[in-house]
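# Quick one: sequence and predicted model below, then my questions.
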Amino acid sequence: MGKDSKPKDAGGKGKGKAKQGGSGADESASKGKGKSGKAAADGLGTCTYVKARHILSEKQGKINEAYKKLQDGWLSNGDKVPPAEFAKLAAEYSECPSGKKGGDLGWFPRGKMAGPFQEVAFATQVGATSAPFKSTHGYHIILCEGRKN
């Protein structure tokens with residue numbers, strides 16, 4: 001992905017219980033474990049690789065529609081979206097070539113994806129789905145499937 005500008009709110013719609021990267025994963029890495037040790041326990045800000053799926057749309061309305069389906073099916077109840085269900089929505093809504101593979105991006109290292117995409121991917125907890133966000137490529141939703149060093 002190309003160089004991106006800072007993340008922008010996707011119009012206020014689609015804000016749910018999913019965590020978003022805000023100022024990026026580097027901030028939690030610099031804070032270290034803290035008293036609770038949570039940064040090390042969940043890998044946020046400390047991992048080197050992330051496995052993710054995503055949905056990409058040029059239009060904000062389309063990404064919000066996909067996110068609403070995620071909310072109605074799982075997120076509004078506090079449930080995690082099953083990867084197979086996310087893959088179905090990616091195949092239906094994503095305009096990225098990865099949409100044909102259920103939005104699967106596989107494992108990618110820190111530094112491969114630029115700007116807000118990397119920030120959100122590395123800041124989203126395993127099993128969690130990000131809120132919609134904007135990059136220079138369009139609007140995205142990310143499902144984090146794993147992380148490793």
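Everything's here; your move.

# pLDDT score for Lys13?
We have a pLDDT of 40 for Lys13.

# Roughly how far does Gly73 sit from Tyr67?
11 Å (CB to CB, to the nearest Å). Placement of C-beta: from N, CA and C, glycine included.

# The two - which one has more neighbours?
Tyr67 (26 against 15; other CB atoms under 10 Å).

# How confident is the prediction for the more buried one, by pLDDT?
Tyr67 carries a pLDDT score of 97 in this model.

# so it sits right up against Phe133, yeah?
No. With contacts counted by CB atoms under 8 Å, Tyr67 stays clear of Phe133, the gap being 10.4 Å.

# pull the longest strand from the chain.
Assignment by DSSP state E gives strand 138-148 as the longest strand of the chain.

# what mean pLDDT does that one have?
Strand 138-148 comes out at a mean pLDDT of 96.

# Quick check: buried residues in that strand?
By neighbour count with 16 or more other CB atoms under 10 Å, strand 138-148 contains the buried residues Gly138, Tyr139, His140, Ile141, Ile142, Leu143, Cys144, Glu145, Arg147.

# for the third one, what are its contacts?
Going by CB atoms under 8 Å, 6 or more residues apart in numbering, His140 touches His54, Ile55, Leu56, Ile63, Phe117, Val120, Ser130, Pro132, Phe133, Lys134.

# do the fifth one as well
Neighbour list for Ile142: Ala52, Arg53, His54, Phe117, Val120, Ala121, Thr124, Thr129, Ser130 [criterion: CB under 8 Å, 6+ apart].

# got a pLDDT number for the closest residue in space to it that isn't next to it in sequence?
Closest residue to Ile142 apart from its sequence neighbours, by CB to CB, 6 or more residues apart in numbering: Ser130 at 4.4 Å. At Ser130, the model reports a pLDDT of 97.

# Check Ala52 too.
98.

# before we move on, the earlier item: surely the residue nearest to Ile142 touches Glu119?
No. At 10.0 Å, Ser130 does not count as touching Glu119 under the criterion of CB under 8 Å.

# Whichever strand or helix holds Arg53: what's the following helix or strand?
Arg53 is part of strand 49-57 when elements are defined by DSSP states H and E. Sequence order places helix 60-73 as the next helix or strand after strand 49-57, per DSSP H and E.
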